[in-house]
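Asker: structure for this input, please:
(2 chains)
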Amino acid sequence: MIKKMKKSHSSLAVKAVAFAMASMLMIAGIIGLLPENASADTAATDSGKTVVLRVCNWEEYIDLGEWEDDEVIDLDNGDIFGENPLYEDFDEWYYENYGVKVVVEYSCFGTNEELYNMLTIGDVYDLVCPSDYMIMKLMSEGKLVSFSDDFFDAENEENYYVRGASPFIQQAFEENQINGEAWKNYAACYMWGVTGMLYNPEEVPREDAMTWKILNNPDYYRQVTVKDNVRDTMFAGIGALKSDMLLSEEFINSDNYSMRLRDEMNDVSEENLAVLQEYLQDVRNNAYSFESDSGKADMITGKVLANLQWSGDAVYAMDQAEEDDYYLEYAIPDECTNLWFDGWVMLKSGIGDDEAKKQAAEAFVNYLSMPENAVRNMYYIGYTSAITGGEYDDTVFQYIDWTYSAEEDEDSEEIVEYNVGYYFTGEEDNEDYIIYTTEDQTRRQLYAQYPPKDAIDRSAIMWYFDTEANARVNQMWINVRCFNAKSIPVWLWVIIGAAFGAAVFVMIRTKVNNRAK
Amino acid sequence: MKKTFARKYLGIPYAVFLVLFVIAPLVVLFYYAFTNSTGHFTLANLAGFFTDSNTIGTLVYSLCLAFVVTVACLLIAYPIAYVLARSKFKSKAVLVMLFVMPMWINFTLRLTALKEILNLIEGNLAYYPFLNSVIGMTYDFLPFMILPLYNTLVKLDGSLLEAAQDLGAGRRQTFFRITVPLSMPGVISGVSMVFLPAMTNYVVNDMLYNSTYIMGSLIGSYFSAYDWHNGSMIALILLAIIGVFTLLSGDSEEDTRRGGALL
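Answerer: Have a look, this model is predicted:
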């Protein structure tokens, strides 16, 4: 009797616990169903005091603080140190300067396409940081809010972006247009760079890395990685395919060289894609891998000799390798390089007509554009900031000089002059912007962060593709990556057919036998 | 009466889960698979899959890869499970733990380690992409094969084996005529736990540098090109293949049990 009672008691307890857990699950589920930002939104509109700014950026693409004590950057303009994430510091700065409380809800995305899909599904953000072609796509689809006139007022000291962005960037954002509107009306450049080859100079001569043909060079069979990303690899492929033409005197000296170059590099006609597909299939058979993130590590550990890489990631890889006394170099191929930008854009779906939000979003862009914050980001991420400080502030130049300048001593290498004036003033040989650095740096980090002017001259922006062209390009990429059924020999088809037939036969026979039993 | 009432309510959390995370996504999947970008009904996506030599090639490649991985897992797992189940060791649980423990370590971390080991052995990983995928997936999915096999083998009635021996069957004959048929349910559930993920788990492929697409990567590539329609259709076709496979294996499982009972 006692035993029985005990048993029923325990099973009751189990049931009670199970029921409690089940109801907890249900409650959690119901809470999860509520709109995520419901509470935050009401706080913003009702009280009129706290603005919630939903920011979505690339992963690891902002200074997240927590620097070691010895990482202080001591410039003449003062020390720079990252203690907290930059977006947290913004809250305080905004309150001090605008008297409005702001909370930044910061989140990340992995690829431009992922961001676009997130927006399509209905995720809402106010300020996002996609790349050039995605900015163009969003612009053409009318999904962006334009910056206010105040944002472009260079007289206002708090407009760090218009005051501090490199003239070279400002020009590009002015000249390039979508539907007759300049990029600059909708986008503020954050970071920029080029594409090139990161390589191991001990094994690869520089002239081999200075051409996109290295992707298909049999000397480096299974030793070169390309990007697992159709746009970057395609660009390099076009560069290699059209190499002779792109390097011909006639082409380079033509009057409308830049325009012609851009058209050639953005050629997604069916004929060109057919040739490209074949070429990239060869690349696939020759390259080490298509990588999305492992390329840097594989260069550092010496698994591969060359890696198609964005300039910023190349800087990171060179820095990391140097810690082990291993030196990598960067080459921007002679044919052409892909000049790319990541920029801040405000979304209609998030900002709408909310002026308070728009003001906070613009202030966020300006806050990131403060020279000391640009330096924090550059130091932390390794990419090149669009901000140079303009004529108002030389902090960024001091930082570049602090990082790369070298002094002549007995056993050190030769010191050379490296002029970065083009990025800071727009003039190529401005005497005030010379960095005295080691000869190596003209092929390493400094070269990647601020390429020589001639590399910019042969750069092209890769345009966004319309739906039709995009489908064509994607199909080409799938064809490159897939195992083609046409390459299956007849005997293999016979074996597969026989195996399938045998399996069906066995199954039927088993069934018939069982039924007979 | 009261009891059934309470039980009914216990089912609600799962019912909610089922509707939200299984049925609702399926409906969305069907919608996208059978519409085009203008939202009209179409069968073009379905026809497209079976007329493109690249998608068919990918299907064949994935099937081959999954087949090799499954066979490899089975060949490795069966002896281990057999030994584990038959061993006289008192706390078998400890032994089983030893084989399951690797699953406690994050899977990308394990793959990274495997990558380094393979790199040491092969010199250059890119020379053997198919082999690398097979090794990586076998390594990854092995516990899923060992556990169901062990579970069936450990429950195997020892008296049947003794009876077989009494009736004059040799060791080999006993194994193939008694042990193997009776462990078929374990084999089938192990196979279905390995075969299906092996067709779609492209993370292993990516990490071990196999640049050939399998079904999972193909679906992903359509989604990253904003083509949700073709992506959904391929996902649906994969679902159909899996469904047929499960249906057939479910049947034969029942057959085997009936066959086992007849012994």
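Asker: quick check: mean pLDDT of the helix or strand hosting residue B:189?
Answerer: Secondary structure assignment for residue B:189, by DSSP states H and E: helix B:184-200. When pLDDT is averaged along helix B:184-200, the result is 88.
Asker: any part of that helix near chain A?
Answerer: No. Helix B:184-200 lies apart from chain A when judged by Cβ under 8 Å from any Cβ of the partner chain; the minimum separation is 10.9 Å. C-beta here means a position set from N, CA and C on the backbone, and glycine is covered the same way.
Asker: list the contacts of the nearest residue to residue A:399 once chain neighbours are set aside.
Answerer: Using Cβ to Cβ, 6 or more residues apart in numbering or on different chains and skipping residues adjacent in sequence, the residue nearest residue A:399 is residue A:375, 4.6 Å away. Listed by Cβ atoms under 8 Å, 6 or more residues apart in numbering or on different chains, the contact set of residue A:375 reads A:73, A:75, A:80, A:385, A:395, A:396, A:399.
Asker: may I have the beta-bridge partners of the second one?
Answerer: On the basis of DSSP bridges, residue A:75 is bridged to residue A:78.
Asker: okay, it and residue A:361: tell me how far apart.
Answerer: From residue A:75 over to residue A:361 the distance is 29 Å, taken as Cβ to Cβ, to the nearest Å.
Asker: and if you look at the fourth one?
Answerer: Here residue A:385 is placed at a distance of 19 Å from residue A:361 (Cβ to Cβ).
Asker: picking that back up, just among the contacts of residue A:375, which is most surrounded?
Answerer: residue A:385 (27 neighbours; other Cβ atoms under 10 Å in any protein chain shown).
Asker: surely that one and residue A:188 touch.
Answerer: No. Counting by Cβ atoms under 8 Å, residue A:385 sits too far from residue A:188 to count as a contact (11.7 Å).
Asker: for residue B:21, give me the pLDDT.
Answerer: The per-residue pLDDT reported for residue B:21 equals 90.
Asker: any idea whether residue B:145 is helix, strand or coil?
Answerer: Three-state assignment for residue B:145 (DSSP: H, G, I helix; E, B strand; the rest coil): helix.
Asker: which other residues reach the strand or helix carrying residue B:110?
Answerer: If you go by DSSP H and E, residue B:110 is part of helix B:107-122. Residues outside helix B:107-122 that contact it (Cβ under 8 Å, 6+ apart): A:303, B:102, B:125, B:128, B:132, B:135-136, B:139-140, B:203-204, B:207-208.
Asker: spell out which parts of the stretch 1-150 of chain B neighbour chain A.
Answerer: Residues of the stretch 1-150 of chain B lying near chain A (Cβ under 8 Å from any Cβ): B:6, B:9-10, B:12-13, B:16-17, B:20, B:37, B:53-58, B:60-61, B:119, B:124-127.
Asker: next, count neighbours for the residue lying closest to residue A:239 once chain neighbours are set aside.
Answerer: Spatial nearest neighbour of residue A:239, excluding adjacent residues (Cβ to Cβ, 6+ apart): residue A:212 at 3.8 Å. Using other Cβ under 10 Å, residue A:212 has 28 neighbouring residues.
Asker: quick one: residue A:212 and residue A:235, what's the gap?
Answerer: 9 Å.
Asker: what does residue 98 show for phi and psi?
Answerer: Answering for chain A, as no chain was given. Per-residue torsions, residue A:98: phi -120, psi -10 (degrees, to the nearest 10).
Asker: can you tell me the element the residue nearest to residue A:399 falls in?
Answerer: In the assignment (DSSP H and E), residue A:375 maps to helix A:371-381.
Asker: now what about the helix or strand following that helix, what contacts it?
Answerer: Later in the chain than helix A:371-381, the nearest helix or strand by DSSP H and E is strand A:384-385. With contact meaning Cβ under 8 Å, 6+ apart, strand A:384-385 is reached by A:190-193, A:311-312, A:374-375, A:377-378, A:396, A:449-450.
Asker: average model confidence for strand A:384-385?
Answerer: 96.
Asker: that strand: how far from the chain's middle?
Answerer: 12 Å (Cα atoms, centre = their mean, to the nearest Å).
Asker: show me what the helix or strand that that strand is followed by is packed up against.
Answerer: Using DSSP H and E, the helix or strand that follows strand A:384-385 in sequence is helix A:395-404. Applying 3 or more Cβ pairs under 8 Å, 6 or more residues apart in numbering or on different chains; DSSP states H and E, one finds that helix A:395-404 contacts strand A:73-75, helix A:371-381, strand A:434-438, helix A:445-449.
Asker: if we use 6 Å, what do you get?
Answerer: Judged by 3 or more Cβ pairs under 6 Å, 6 or more residues apart in numbering or on different chains; DSSP states H and E, helix A:395-404 is in contact with helix A:371-381, strand A:434-438.
Asker: now that helix and helix A:371-381, what's the angle there?
Answerer: With axes from the mean of the first three to the mean of the last three Cα atoms, to 10 degrees as the basis, helix A:395-404 and helix A:371-381 are set at 40 degrees to each other.
Asker: CA atoms only for helix A:395-404, dumped as CSV, please.
Answerer: Taking Å, rounded to 0.1, in the frame of the first residue of the first chain, the C-alpha atoms of helix A:395-404 are listed here in CSV:
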residue,chain,number,x,y,z
THR,A,395,44.3,63.4,-36.8
VAL,A,396,43.9,60.8,-39.4
PHE,A,397,47.1,61.7,-41.2
GLN,A,398,48.9,61.8,-37.9
TYR,A,399,47.6,58.3,-37.3
ILE,A,400,48.8,57.0,-40.7
ASP,A,401,52.2,58.7,-40.1
TRP,A,402,52.3,57.2,-36.5
THR,A,403,51.6,53.7,-37.9
TYR,A,404,53.9,53.7,-40.9
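Asker: what about the helix or strand following that helix, distance to the chain center?
Answerer: Moving toward the C-terminus from helix A:395-404, the next helix or strand (DSSP H and E) is strand A:415-419. With Cα atoms, centre = their mean as the basis, strand A:415-419 stands 29 Å off its chain's centre.
Asker: check stretch A:276-296 too.
Answerer: How far stretch A:276-296 lies from its chain's middle: 19 Å, per Cα atoms, centre = their mean.
Asker: returning to what we had before: look at the residue nearest to residue A:399 and report its pLDDT.
Answerer: On pLDDT, residue A:375 comes in at 95.
Asker: try residue B:47
Answerer: Per-residue confidence (pLDDT) for residue B:47: 92.
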